[in-house]
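Enquirer: My questions concern the predicted model and sequence given below.
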2 protein chains.
Amino acid sequence: MDPKPQDHQSPSSTPSELRQVLVLRPPPVFAVHEQDFSSKFHILKAYDSPLPTHDFLQAHAQSVKAVLCSGIGPITAEVIHNLPALELVVTASTGVNHIDMAECRRRGITVTNTGDVFSDDVADAAVGLLIDVMRRITSGDRFVRSGRWATSGEYTLGSKLACKRVGIVGLGNIGSRVATRLKAMGCLVSYTSRQEKHTTPFTFYPNILQLAFNSDALVICCALTNETRHIINNKVMMALGKKGIIVNIARGAIINEVELVKCLVEGEIGGAGLDVFENEPNVPKELFELDNVVLLPHRTAFTQESFYNAAQILIGNLEAFFTNKPLLTLVANEF
Amino acid sequence: MDPKPQDHQSPSSTPSELRQVLVLRPPPVFAVHEQDFSSKFHILKAYDSPLPTHDFLQAHAQSVKAVLCSGIGPITAEVIHNLPALELVVTASTGVNHIDMAECRRRGITVTNTGDVFSDDVADAAVGLLIDVMRRITSGDRFVRSGRWATSGEYTLGSKLACKRVGIVGLGNIGSRVATRLKAMGCLVSYTSRQEKHTTPFTFYPNILQLAFNSDALVICCALTNETRHIINNKVMMALGKKGIIVNIARGAIINEVELVKCLVEGEIGGAGLDVFENEPNVPKELFELDNVVLLPHRTAFTQESFYNAAQILIGNLEAFFTNKPLLTLVANEF
């Protein structure tokens, strides 16, 4: 056996020993398809070790070249610092806001994501959340299960989707799919984005405030960056107005959550469908009392089909890395 | 004052006295917009009277020409028999299964419905129910509100909509709108109907069993008639299979509810989104325990916008009747 530490590949050795993949906390896709990963790579499970994370990293510092992560286990500058041999960060997510991209760039560490594999599912769930809030589906289910239907003549009316002005925040892979779906329902779709997209039929507004002012609902589909953090604030919600609905399937911190909760509790906006929160898995308790919000546990990408496809992409990227082939879904990392 | 009982119209008299409209039980649209009706017609409220219904009808038998109704207050042969002057039944619904149409035809009584006014809203809610069941939205909301997200690593995966085969039962006003929406989500839409519709791009199956056998989900959009009562039975559900989803936004009795509950409890089908039930407002208690069903209190038509529009149609039909003008939304009544 002649391992060559400077190469990724070593066909003569036991593959799983040399093809080490560090996992700090298990991404859901990994948890569901762990067998597929374990049969191809030697998984170093920091979360399963009796050692403190720092000591575990120290023990493997010289050999770990690849890390598998997701939003529940951030790859901070400190983690990167503890892994001097690190060359690849593979994230089981579309977003990369949990990875210190500046530090990766400085170190020349490559980052891959899951590409477009979750986009349809996330868009479907975004539309589902918008219908749910506007048409009171989850709230109606609670009404029936509590036994109130048989005893109450209450008729709280929902809001029609057709002809509603829906503003998409970020018309990328997910946002454009949300737009297509809502157009089929007769919604009037507009958007804001870093730049106008001349190939779409949708109305462009140059900033979030103008978009909110001209919308009955906002669907947040943009990436979380320094520019988008807390762009949905009290001022934007006031522009959206008392009947306005917010759906967030992107990242919690794009909305100022304290101001969102205040606006919802005080009736300054009409309702919200939220898959993501600023401090997951913690959800502001005030929201649990509200009938005009729908709360999901960061699950809009969670289907059997997309998890299977995502696992193939993650494994494909790791395989490509260890055999010096082109990566499948490289994330551009320029600042 | 010279009322002419044989005429509908009598301009010289107080209009609201002569323009009597009987309401046995208040339809939701009427309850929400009662003021608009009361300002134009003299509403005879059987439900507000201390008299038993039969006595109330007797008291007004000779003068009542028009009845306003909905599914919650059936117009049976007995009701019709008690109203010898009845000429018009105005229902605040699309369906007319709560009206004895044969008796109306025999007596020459005209029936109007709300036409197409609810179709978009019902279609939106049907799609919302399908997304909800497949993507576990209401169940996810329960998970978050119960506080389990912070303590449980449970990852129950939903089912992707794209490429799923969805069978529409009844490709009419509502069914065709459901089909358009699901197509935008990448679903493979097929249908069964009394006859093939050659102008649609969707695959036709000549009967419900073939449709179920070739579908991952069924969306029930047909009218309740003698032919469609209990067409969704145990055999159809077995053909749909263990992962199959049923959405019903039409009428409860189109499904054999006892067999549906059994199939859901025993896992013979995958889940259901139900807005309607056989014996409303009673919902089988076994369903309350299931996490893979979403239960609505017959509310898919309930939006502010469609209620307003429906009220205008109902009032328009009554106005037209009392002024001998053409009715807006006559229901064909041929057997």
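Expert: Received, thanks.

Enquirer: neighbours around A:Ala162, how many?
Expert: By other Cβ atoms under 10 Å in any protein chain shown, the residues close to A:Ala162 number 17. For every residue, glycine as well, the C-beta is placed using N, CA and C.

Enquirer: can you pull the buried residues of stretch A:53-63?
Expert: A:53, A:56-57, A:60, A:63 (16 or more other Cβ atoms under 10 Å in any protein chain shown).

Enquirer: ok, those vs chain B, which is closest?
Expert: A:Thr53 (17.9 Å; Cβ to the nearest Cβ).

Enquirer: for that closest one, what are its contacts?
Expert: A:24, A:46 (Cβ atoms under 8 Å, 6 or more residues apart in numbering or on different chains).

Enquirer: Same check on the one 4 residues further on?
Expert: If a contact means Cβ under 8 Å, 6+ apart, then A:Leu57 has A:22, A:46, A:64, A:79, A:82-83 as its contacts.

Enquirer: just these now: which is nearest A:Cys222?
Expert: A:Val79 (25.7 Å; Cβ to Cβ).

Enquirer: Hmm, A:Glu257 is touching A:Glu278, no?
Expert: Yes - judged on Cβ atoms under 8 Å, A:Glu257 makes contact with A:Glu278 at a distance of 4.3 Å.

Enquirer: neighbour count winner among those two?
Expert: Taking other Cβ under 10 Å, A:Glu257 and A:Glu278 do not tie; A:Glu257 has more neighbours (21 against 18).

Enquirer: Could I get the full set of strands for the stretch 151-300 of chain A?
Expert: Secondary structure of the stretch 151-300 of chain A (DSSP state E, counting those that start in this stretch): strands located at A:165-169, A:188-192, A:203-204, A:217-220, A:245-248, A:271-274, A:293-295.

Enquirer: Make CSV out of those strands and add mean pLDDT and distance to B:Lys183.
Expert: Below are the strands of the stretch 151-300 of chain A laid out as CSV (pLDDT from 0 to 100; distance: least, Cβ to Cβ, whole Å):
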stretch, mean pLDDT, distance to B:Lys183
strand A:165-169, 98, 19
strand A:188-192, 98, 17
strand A:203-204, 98, 24
strand A:217-220, 98, 20
strand A:245-248, 98, 22
strand A:271-274, 98, 23
strand A:293-295, 98, 25
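
Enquirer: and chain B, which of those is closest to it?
Expert: Proximity to chain B, assessed across the strands of the stretch 151-300 of chain A by Cβ to the nearest Cβ, is greatest for strand A:293-295 (4.1 Å).

Enquirer: gap between that closest one and the chain center?
Expert: Mean-position distance between strand A:293-295 and its chain equals 17 Å (Cα atoms, centre = their mean, to the nearest Å).

Enquirer: Which elements pack onto that strand?
Expert: helix A:119-135, strand A:271-274, helix B:137-145 (3 or more Cβ pairs under 8 Å, 6 or more residues apart in numbering or on different chains; DSSP states H and E).

Enquirer: quick one, which of these is packed in tightest?
Expert: With neighbours defined as mean count of other Cβ atoms under 10 Å in any protein chain shown, those peak in mean count at helix A:119-135, which reaches a mean of 29.

Enquirer: how big is the angle separating it from helix A:137-145?
Expert: Angular relation of helix A:119-135 and helix A:137-145 on a 0 to 180 degree scale: 60 degrees, by axes from the mean of the first three to the mean of the last three Cα atoms, to 10 degrees.

Enquirer: Just the mean pLDDT for helix A:119-135, thanks.
Expert: If you average the pLDDT over helix A:119-135, you get 98.

Enquirer: by how many degrees do that helix and strand A:165-169 diverge?
Expert: Using the same axes, to 10 degrees: helix A:119-135 against strand A:165-169 is 140 degrees.

Enquirer: Return the distance of helix A:119-135 from the chain's centre.
Expert: For helix A:119-135, the distance to the chain centre is 14 Å (Cα atoms, centre = their mean).

Enquirer: try stretch A:177-197
Expert: The answer for stretch A:177-197 is 19 Å, by Cα atoms, centre = their mean.

Enquirer: before we move on, what about stretch A:148-160?
Expert: 34 Å.

Enquirer: now the end-to-end length of it.
Expert: In stretch A:148-160, first residue to last residue: 24 Å (Cα to Cα, to the nearest Å).

Enquirer: A:Leu260: neighbour count?
Expert: 27.

Enquirer: Distance of it relative to A:Leu287?
Expert: 9 Å (Cβ to Cβ, to the nearest Å).

Enquirer: which residues in the stretch 51-200 of chain A form helices?
Expert: Secondary structure of the stretch 51-200 of chain A by DSSP state H, counting those that start in this stretch: the helices cover A:53-60, A:77-81, A:101-107, A:119-135, A:137-145, A:173-184.

Enquirer: Up against chain B, what does the stretch 201-335 of chain A have?
Expert: Counting by Cβ under 8 Å from any Cβ of the partner chain, the stretch 201-335 of chain A comes close to chain B at A:280-283, A:288, A:294-297, A:299-300, A:302-307.

Enquirer: Just the buried residues of those residues.
Expert: A:280-281, A:283, A:294-297, A:299-300, A:302-303, A:305-307.

Enquirer: Now do the closest residue to A:Glu286 other than its chain neighbours against A:Ile254, distance only.
Expert: Nearest non-adjacent residue to A:Glu286, counting by Cβ to Cβ, 6 or more residues apart in numbering or on different chains: A:Val261, 5.2 Å away. According to Cβ to Cβ, A:Val261 and A:Ile254 sit 15 Å apart.

Enquirer: Those two - which one has more neighbours?
Expert: Just comparing A:Val261 and A:Ile254: by other Cβ under 10 Å the higher neighbour count belongs to A:Ile254, 25 against 19.

Enquirer: Contacts only, for the more buried one.
Expert: Contact partners of A:Ile254, counting by Cβ under 8 Å, 6+ apart, are A:169, A:220, A:222, A:224, A:228-232, A:248.

Enquirer: Whichever of those residues end up buried, select them in PyMOL.
Expert: If you want just the buried ones from the contacts of A:Ile254 in PyMOL, going by 16+ other Cβ under 10 Å, the selection is:
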select buried, chain A and resi 169+220+222+224+228+231+232+248
